[in-house]
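>>> would you be able to build a 3D model of this:
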Amino acid sequence: MPSFEKQYGPIREVRFKYKADGTRDGGVHQLWTVRGSTNDPTIPNCALRQPDFEAQLKAGNLAFRIPLQMTGLGLIESIQDREILAQHDATAALRAPLGIAVHPNRSGNDGTITRFGWKAQNKSITMFAGDLHVKAVPHEDWQLSSRPGTVHIELPPASSFDLDAMSDSGDVVVTRDDLDKTTVGDRWLKRKANGGGKRVQVCTESGRIVVS
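As a prediction, this is how the structure comes out:
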């Protein structure tokens with residue numbers, strides 16, 4: 001157990017700031033690994049080692065994030081939009097002298113107030129729990145799907161793949177230079193990156209697809 005995980009403290013996910021060669025890392029590293037499994041014949045040499053967190057901690061190479069805890073989120077979800085707007089208006093005079101100007105985030109699908117996730121982009125716990133983030137190289141064909149929630153696929157710049165992305169009630173956003181950018185409201189995108197390669201099929205029923 002890494003020393004930064006405490007019995008009565010928050011669960012922390014950890015990123016390495018830099019790789020061993022000095023280049024930027026920034027990726028989340030596995031806290032839990034499996035070794036010595038004999039139940040699955042497809043992994044006869046099951047020996048996935050845990051990263052040396054203690055050495056990285058001493059080197060000051062760790063960056064922590066405390067994931068959002070689920071306790072109490074049902075109460076947040078039960079607050080009506082009209083109550084949020086009423087409190088927003090009622091506190092305007094208190095915020096003004098401090099230079100605080102705020103506004104609620106809203107769903108691009110139905111205009112309701114969103115309140116969960118990074119930058120409060122999801123309107124419900126169900127959608128928040130359905131978020132999917134994949135960071136890898138497609139050596140085989142991929143099929144990624146989520147009923148509610150955002151699907152974010154992050155691929156190296158030199159990756160070659162065939163993208164087929166569709167959202168039933170969200171949009172598809174591309175931030176890569178090797179793929180044509182989408183326009184606001186696009187729900188389906190089919191493109192080849194760097195000449196094409198393995199098929200990357202992504203779909204979600206109610207959420208955004210981000211390709212970076």
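>>> okay, helices next: where are they in the protein?
Under the criterion DSSP state H, the chain contains helices at 53-58, 73-78, 81-90, 92-95, 125-129.
>>> can you tell me the closest non-neighbouring residue to the residue most central in space within the chain?
Nearest to the mean C-alpha position of the chain, by CA atoms, centre = their mean, lies His133 at 4.4 Å. Computed as CB to CB, 6 or more residues apart in numbering, the closest residue to His133 that is not its neighbour in sequence is His152, at 4.6 Å. Where you see a C-beta, it was placed from the backbone N, CA and C, and this is true even at glycine.
>>> which residues touch Gln201?
Gln201 sits next to Asp141, Trp142, Gln143, Leu144, Asp164, Ala165 when contact means CB atoms under 8 Å, 6 or more residues apart in numbering.
>>> the last one: neighbour count?
Put plainly, it is Ala165. Taking other CB atoms under 10 Å as the neighbour definition, Ala165 ends up with a count of 25.
>>> that older thread, kindly indicate which of the contacts of Gln201 lies nearest Thr23.
Trp142 (25.8 Å; CB to CB).
>>> can you tell me how far that closest one sits from Asp171?
Relative to Asp171, Trp142 is positioned 20 Å away (CB to CB, to the nearest Å).
>>> ok, now Ala92?
With CB to CB as the criterion, Ala92 and Asp171 are 32 Å apart.
>>> what do you get for Thr126?
19 Å.
>>> over to Ala158?
26 Å.
>>> sorry, back to before: out of Thr126 and Asp171, which sits in the more crowded spot?
Asp171 (19 against 14).
>>> list the buried ones in the lowest-mean-pLDDT helix or strand in the chain?
Of all helical and strand segments in the chain, the minimum by mean pLDDT, DSSP states H and E falls on helix 125-129, at a mean of 72. By 16 or more other CB atoms under 10 Å, the buried positions in helix 125-129 come out as Ile125, Met127, Phe128.
>>> could you redo the residues you listed as CSV and give each row distance to Gly26?
As requested, the buried residues of helix 125-129 are exported to CSV (distance: CB to CB, whole Å):
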residue, distance to Gly26
Ile125, 27
Met127, 26
Phe128, 23
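>>> ends of stretch 177-193, what's the gap?
For stretch 177-193, the first-to-last residue distance is 9 Å (CA to CA, to the nearest Å).
>>> then stretch 187-196?
Using CA to CA, the end-to-end distance of stretch 187-196 comes out at 21 Å.
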